[in-house]
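**Student:** pasting the sequence and the predicted model now:
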Amino acid sequence: MTTHQSFNPFHMAQTQFDGVAELIDLDDSTKQLLREPLREYSFAIPVRMDSGSTQVFRGFRVQHSDARGPCKGGIRFHPQESLDTVRALAMWMSWKTAVVDIPLGGGKGGVICDPHNLSSREQEQLCRGWVRQIAKNVGPTIDVPAPDVMTSAQHMLWMLDEFEVIHGAKYPGFITGKPVGMGGSLGRKEATGYGVIFTVREALRQLDLRAEDTTASVQGFGNVAQHAIRLFTQLGGTVVCVSSWDQQDQTSYAFVKTDGIDLDQLVAITNSFGGIDKSKAADLGYKVLSGDLWLEQEVDILLPCALENQLNATNVDRIASRVKLIAEGANGPTTPEADQAIKSRNIFLIPDFVANAGGVTCSYFEQVQSNMNYFWEKDEVLDKLDAAMTSAFLSVSDLARKQEIYTRDAAYVIAIDRVARAAQDRGWC
Ligand code: NAD
């Protein structure tokens, strides 16, 4: 699904890290410790399929750093999942939890599979199998998983159940993103997308723009994108284009409506994987264009909310001249080459591990509530989330302004400094 066969997200994460390590003059031992994961697990998950045959899937869990608290990060189900993708995402989780200043580290997991082709029973067996292979190395005080690309609250509940069966007690703090009523937090569903827009709102203030006067184009139409669109629209903004992956055609499509998309109407014709039905969309008056045309739209704001490596050397020049702000809802959507171009065009960038930190922040709230066994009202969750996201954004934009550095570098400086100090204070390096 990435556009370059040679693209390696872990090399990209390390390149970003190396640049900032030099900028802050990080000592060699801390640099060595933080540019690689602390621990990584790769394992086989045999699943008895509905046909009666057994299929063996490959699962991963990477724990990048637990210097600031238990590792934290999602589990992705994806046919192109790789250990290097999981390594990169685990590293980015360490920076994300640090930049929002929550007492957690960074981890990530994945399984190479395509849930489109798995029955519900097979997916349950895969979830339980993943937990069986790693149950001793994860847990509420070690490493806390969560949903991510193509995994849901239901998957989390199956995983929790397996973990509790293995350990013989209730551990609601083992996993987050659980269904509400089964230990989940109100607001978790909305948290990542809303968090993106809390930071967009603050950036627009700094750019002296009113949301009502702005338009946006969004890549992706899954959990993050849909909730980002909801809040952006509530603030008065107009989304003129969304895009999604078409499983049948194995390509992406952009859905354009210049007077603004109707979110609920599009959600009604979207499958559970965030794929929009293109013939129904055409019937509803959307212009349906194949390929990555979402990035060529003449809008003020781009919201890449799908996958990594979507703005790269081959397409960054196609970003329309009107674009003033890019908020990265997805993890790693921009390669270092594209970053250079965005920086030199003076587009305000809200980096991924700041923009999409709402999910993990709310996961942290879920853990706190699960541990207390007392659950907050949705407004309370979202107010706390807004405060945390706004504060993280402001500390990054203040530093970027004061030191005249790119926002991504400013975010890295804050995050790497916090993780490095925790490791040094513990006496690790
Ligand atoms: P999702 O599976 O719900 O949705 C992904 C969307 O992207 C779908 O609409 C899919 O059709 C679309 N897509 C995939 N490939 C595409 C392509 N090439 N072009 C256009 N659209 C494409 O996933 P999600 O939970 O919304 O996550 C999206 C991104 O946000 C990922 O990078 C994920 O790691 C990141 N993220 C998610 C969360 C969370 O809480 N869900 C938190 C932080 C970061």
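**Tutor:** That came through fine.

**Student:** around the ligand, pick out the residues from the chain.
**Tutor:** Those residues of the chain that sit near the ligand, judged by CB under 6 Å from any ligand atom, are 1, 148-150, 192, 219-225, 243-245, 252, 273-275, 305-307, 329-331, 356, 359. Using the backbone N, CA and C atoms, a C-beta is placed for each residue, glycine as well.

**Student:** setting aside sequence neighbours, what's the nearest residue to the residue of the stretch 1-150 of the chain found nearest the ligand?
**Tutor:** Nearest residue of the stretch 1-150 of the chain to the ligand (CB to the nearest ligand atom) works out as residue 149 at 4.5 Å. Leaving aside its sequence neighbours, residue 149 sits nearest to residue 76 (CB to CB, 6 or more residues apart in numbering; 4.3 Å).

**Student:** isn't that neighbour up against residue 150?
**Tutor:** Yes: under the criterion of CB atoms under 8 Å, residue 76 makes contact with residue 150 at 6.5 Å.

**Student:** tell me the contacts of residue 65?
**Tutor:** Each residue near residue 65 by CB atoms under 8 Å, 6 or more residues apart in numbering is listed here: 34, 37-38, 71, 91, 94, 105-106, 419, 423.

**Student:** now it: phi and psi?
**Tutor:** Taking degrees, to the nearest 10, you get phi -150, psi 140 for the backbone angles of residue 65.

**Student:** excluding sequence neighbours, find me the nearest residue to it.
**Tutor:** residue 94 (4.3 Å).

**Student:** go on, residue 237?
**Tutor:** Nearest residue to residue 237 in three dimensions, chain neighbours excluded: residue 211, at 4.5 Å (CB to CB, 6+ apart).

**Student:** which residues touch the residue in the chain that the ligand sits nearest to?
**Tutor:** Taking CB to the nearest ligand atom, the ligand has its nearest neighbour within the chain at residue 222, 1.8 Å off. Each residue near residue 222 by CB under 8 Å, 6+ apart is listed here: 149, 244, 273-274, 305-306.

**Student:** which of the residues you listed lies closest to residue 405?
**Tutor:** residue 305 (25.4 Å; CB to CB).

**Student:** so the closest one touches residue 220, yeah?
**Tutor:** Yes: Residue 305 lies in contact with residue 220 (CB under 8 Å); the separation is 4.0 Å.

**Student:** and the two? Which one has more around it.
**Tutor:** residue 305 (31 against 26; other CB atoms under 10 Å).

**Student:** who's in contact with the more buried one?
**Tutor:** Counted by CB under 8 Å, 6+ apart, residue 305 has contacts 193, 196, 218-220, 222, 224-225, 228, 329-330.

**Student:** go with 10 Å
**Tutor:** Residue 305 sits next to 192-193, 196, 218-229, 242-243, 274, 327-330, 333, 355-356 when contact means CB atoms under 10 Å, 6 or more residues apart in numbering.

**Student:** now, which of those lie within strands?
**Tutor:** In this view, these that belong to strands under DSSP state E are 218-219, 242-243, 327.

**Student:** just give me how far stretch 127-139 sits from the chain centre.
**Tutor:** The chain centroid and the centroid of stretch 127-139 are separated by 22 Å under CA atoms, centre = their mean, to the nearest Å.
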